[in-house]
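**Student:** A predicted structure for the sequence below; I have some questions about it.
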Amino acid sequence: REWRRIVTALLAALAVIVTVVTMLVLSALNDVAQNTNKLDEERSRETITGALETFQAQLGATLNDYAAWDDAAQFVYAANGHDWVVSNYGDMTVNSELFDTALVIDENNRVQMFYQFGQPVLRSPQELFPTGLTELLKTVRQIPFGQNPEATGFVQSDRGITVIGAALIRPKMALDVPTGETRRYLVFARHLDTAKIKRLSKTYVVDGLQLRKANFDARYFVNIFSPQGEVLGKLTWRSRAPGDVSFREVRPTVLLAVVIAGLFFLTLFFVGSKIIGRIKTDEAQAKEEALRDRLSGLYNRAGLFQR
């Protein structure tokens, strides 16, 4: 009986150890999964932030090419240069990945040319861009001589969130920069529509990228700010949760290992019990034989005294 208790206690202790180790392993795997999810979330947020910055920078680079241009400085300020302006600015808004709106405006905010998606726009710029455009032009006009007279930013337009850029039209080398009321400015706009967001999602490998309103409640998002710091909206996405996926794949294997270990200990307990029982039987039989005469089978002196 003493041996049975000892073996049972040892097996129970081993079972407890295996259970505790299993719980620690599962807890560690869960921590790894959560950290992996957090790293993936941070990567996605940095990627989307970079995508928005690239989207804005592309428009800025395009604007610089078209505004700091010797031909533009010649024809935009010429009395007979309207056809050139339409051909090189307005017509370029058709199916363009670089910009979909082009506006040439003078120092007194008089529109010289206004095209969107390849068609003339009859409405005023303030109707299409109720906020942001006026402030952006003011910023460019206040840039001191010798610095780059350009500015870009996200604004709210009649079609949703849009990145716009404004620049002074000038020669490439800026040797003869227009001054005073003769100055004219080029404005490009690029709408952040559904098609562009889908391309961003595919290019930067972010699942379920969508443009939402500023007050939309989401766990994974990046805010889109105006140059004044106002939140215009947010880009949201679905987390792939790679840590959870990996944890779900590994957990059955760990649990299977626990089940196998449990079966192993049950087998040890069963076999040990059988062995102990056999030992006890043999021990009892040996004691009984020691108390009897081998020839007659009768109790010997020790057996008689024990009885």
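**Tutor:** Yep, that arrived. Numbering: from 1, shown residues only.
**Student:** Let's see the pLDDT reported for Ile161.
**Tutor:** Per-residue pLDDT puts Ile161 at 95.
**Student:** Grab the CA positions of the helix or strand where it lies and hand them over as PDB.
**Tutor:** Secondary structure from DSSP states H and E places Ile161 in strand 160-168. Extracted in PDB, the C-alpha atoms of strand 160-168 (Å, rounded to 0.1, in the frame of the first residue of the first chain):
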ATOM      1  CA  GLY A 160     -14.400  64.200 -51.100                       C
ATOM      2  CA  ILE A 161     -10.900  64.300 -49.800                       C
ATOM      3  CA  THR A 162      -8.400  65.600 -52.300                       C
ATOM      4  CA  VAL A 163      -4.700  66.500 -52.300                       C
ATOM      5  CA  ILE A 164      -4.100  69.800 -54.000                       C
ATOM      6  CA  GLY A 165      -1.000  71.800 -54.800                       C
ATOM      7  CA  ALA A 166      -0.300  75.400 -55.800                       C
ATOM      8  CA  ALA A 167       2.800  76.900 -57.300                       C
ATOM      9  CA  LEU A 168       3.900  80.100 -58.900                       C
END
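**Student:** Mind listing the strands the next helix or strand after that strand pairs with, and their directions?
**Tutor:** Using DSSP H and E, the next helix or strand after strand 160-168 towards the C-terminus is strand 184-191. Neighbouring strands of strand 184-191 in its sheet, by DSSP bridges, are strand 101-106 (antiparallel), strand 160-168 (antiparallel).
**Student:** Please state the mean pLDDT value computed over strand 184-191.
**Tutor:** 96.
**Student:** and what of stretch 42-60?
**Tutor:** Averaged over stretch 42-60, pLDDT sits at 93.
**Student:** could I have that stretch exported to PDB, CA atoms only?
**Tutor:** Backbone C-alpha positions of stretch 42-60 (Å, rounded to 0.1, in the frame of the first residue of the first chain) are rendered in PDB as follows:
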ATOM      1  CA  GLU A  42       2.300  49.300 -36.400                       C
ATOM      2  CA  ARG A  43       3.700  48.200 -39.800                       C
ATOM      3  CA  SER A  44       0.400  48.700 -41.500                       C
ATOM      4  CA  ARG A  45       0.000  52.200 -39.900                       C
ATOM      5  CA  GLU A  46       3.500  53.200 -41.000                       C
ATOM      6  CA  THR A  47       2.800  51.900 -44.500                       C
ATOM      7  CA  ILE A  48      -0.500  53.800 -44.800                       C
ATOM      8  CA  THR A  49       1.100  56.900 -43.500                       C
ATOM      9  CA  GLY A  50       3.900  56.500 -46.000                       C
ATOM     10  CA  ALA A  51       1.400  55.900 -48.800                       C
ATOM     11  CA  LEU A  52      -0.500  59.100 -48.000                       C
ATOM     12  CA  GLU A  53       2.800  61.000 -47.900                       C
ATOM     13  CA  THR A  54       3.800  59.500 -51.300                       C
ATOM     14  CA  PHE A  55       0.400  60.300 -52.800                       C
ATOM     15  CA  GLN A  56       0.900  64.000 -51.800                       C
ATOM     16  CA  ALA A  57       4.600  64.000 -52.800                       C
ATOM     17  CA  GLN A  58       3.800  62.700 -56.300                       C
ATOM     18  CA  LEU A  59       1.400  65.600 -56.900                       C
ATOM     19  CA  GLY A  60       4.000  68.000 -55.500                       C
END
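**Student:** and Tyr77, backbone torsions?
**Tutor:** When read as degrees, to the nearest 10, the backbone of Tyr77 gives phi -90, psi 0.
**Student:** For the lengthiest helix in the chain, name the packing helices and strands.
**Tutor:** Ranked by number of residues, the top helix in the chain under DSSP state H is helix 2-67. Here helix 2-67 touches strand 150-157, strand 160-168, strand 184-191, helix 194-203, strand 221-225, helix 242-290, going by 3 or more Cβ pairs under 8 Å, 6 or more residues apart in numbering; DSSP states H and E. Quick note: C-beta positions are derived from backbone N, CA and C, even for glycine.
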